[in-house]
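# Please work out how this folds:
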Amino acid sequence: MSFLSDLRVLYHIVAKPVRGKDHAARLESFYAGQAEAYDDFRRRLLLGREAMYQSIPVPQDGVWVDMGGGTGANLEPLAADLPRARKVYVVDLCDSLLAVAGKRIEARGWKNVAAVAADATTFRPNGDGLADVVTFSYSLTMIPDWFAALDNALAMLRPGGVIGITDFFVSRKYPAEGAVRHSWFTRSFWPLWFGADNVFLSPDHMPYLHRHFHPVRMEEHRAKVPYIPLIRVPYYTFVGRKRT
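Next up is the predicted model:
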């Protein structure tokens, strides 16, 4: 992608006002003008996604739900194994991103993948409404009722099912033993910076996940923000199994 494409994305991230009467309308306001350039820019910003998806085996004849899956790019690392699944759902509320996902699904010939316009707090797969894998890639911070989305994922997963999440976060002021403790600047600056775009960093994601899922993989890192030198934004990767 060109520098001009990056500028267009940065304009929507930093300067363009986000408007809308509900969450779906605000997502469309934010993403509509950058949907086509979305994947290349986010590939350099949203780290940890590919490793997280590759760490979760595609369930044989199972169901995988990618919540807030946007353009469907999250599935690219799984392309060779996707035929093993009975059904894969890319769930999102943004029509512009889902349009890109639809083109990707058709171009890749993913017959068992569907792009669905739905709310992550209420969506359930067809049939028995259960899933073997539920993933959130940098989408949980964009869901106002993120706890409701996780409650829905917990209820949807079969016993022993897998949840995978990669997202931005800030630590609690006094995190659990062994967890990273961020500075006052980190805990204050990044929620303010992202909050302008209705991206809400939370110190409570991981405590919730540890309470409800058995951790299989847990990592905390920092990522460079394109064109913003020196400072790094914290992100985490969590893969867990539903407790039985």
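# Quick check: which element contains residue 53?
Assigned by DSSP states H and E, residue 53 falls within helix 49-54.
# what's the next helix or strand after that helix in contact with?
Later in the chain than helix 49-54, the nearest helix or strand by DSSP H and E is strand 63-67. For strand 63-67, the external contacting residues (C-beta atoms under 8 Å, 6 or more residues apart in numbering) are 58, 72, 74-75, 85-91, 120, 123, 125, 130-137, 139-140, 143, 149, 153, 156. For the C-beta atoms, the positions are set from N, CA and C on the backbone; glycine is no exception.
# okay, strand 63-67 in PDB with CA atoms only?
Provided in PDB are the C-alpha atoms of strand 63-67 (Å, rounded to 0.1, in the frame of the first residue of the first chain):
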ATOM      1  CA  VAL A  63     -17.800 -24.700  14.100                       C
ATOM      2  CA  TRP A  64     -15.500 -21.600  14.400                       C
ATOM      3  CA  VAL A  65     -17.000 -18.200  15.100                       C
ATOM      4  CA  ASP A  66     -14.700 -15.100  14.500                       C
ATOM      5  CA  MET A  67     -16.400 -12.200  16.300                       C
END
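# pull the longest helix from this protein.
In the chain, assigned by DSSP state H, the helix with the most residues is helix 95-108.
# could you pull out the helices for this structure?
Assigned by DSSP H, the helices in the chain fall at 3-10, 23-31, 38-45, 49-54, 95-108, 146-156, 184-195, 205-212.
# now the longest one: how far from the chain's centre is it?
Read it as helix 95-108. Its chain's C-alpha centre and that of helix 95-108 lie 17 Å apart, by C-alpha atoms, centre = their mean, to the nearest Å.
# Contacts only, for the residue nearest the centre of the chain.
Residue closest to the mean C-alpha point of the chain, counted by C-alpha atoms, centre = their mean, is residue 137 at 2.1 Å. Residues near residue 137 by C-beta under 8 Å, 6+ apart: 46, 49, 52, 53, 66, 68, 69, 74, 165, 166, 167.
# filter the residues you listed to the buried ones?
Buried members of the contacts of residue 137, counted by 16 or more other C-beta atoms under 10 Å: 46, 49, 52, 53, 66, 68, 69, 74, 165, 166, 167.
# Cross-check the contact I'm expecting between residue 108 and residue 78.
No - the pair residue 108 / residue 78 is not scored as a contact, 10.9 Å apart, by C-beta atoms under 8 Å.
# more crowded one of those two?
More crowded of residue 108 and residue 78, by other C-beta atoms under 10 Å: residue 78, with 21 against 14.
# any idea how far residue 230 is from the more buried one?
35 Å (C-beta to C-beta, to the nearest Å).
# ditto for residue 184
According to C-beta to C-beta, residue 184 and residue 230 sit 17 Å apart.
# what is residue 217 paired to in the beta sheet?
Counting by DSSP bridges, residue 217 forms beta bridges with residue 239.
# Which residues are in contact with it?
Per C-beta under 8 Å, 6+ apart, neighbours of residue 217: 52, 55, 237, 238, 239, 240.
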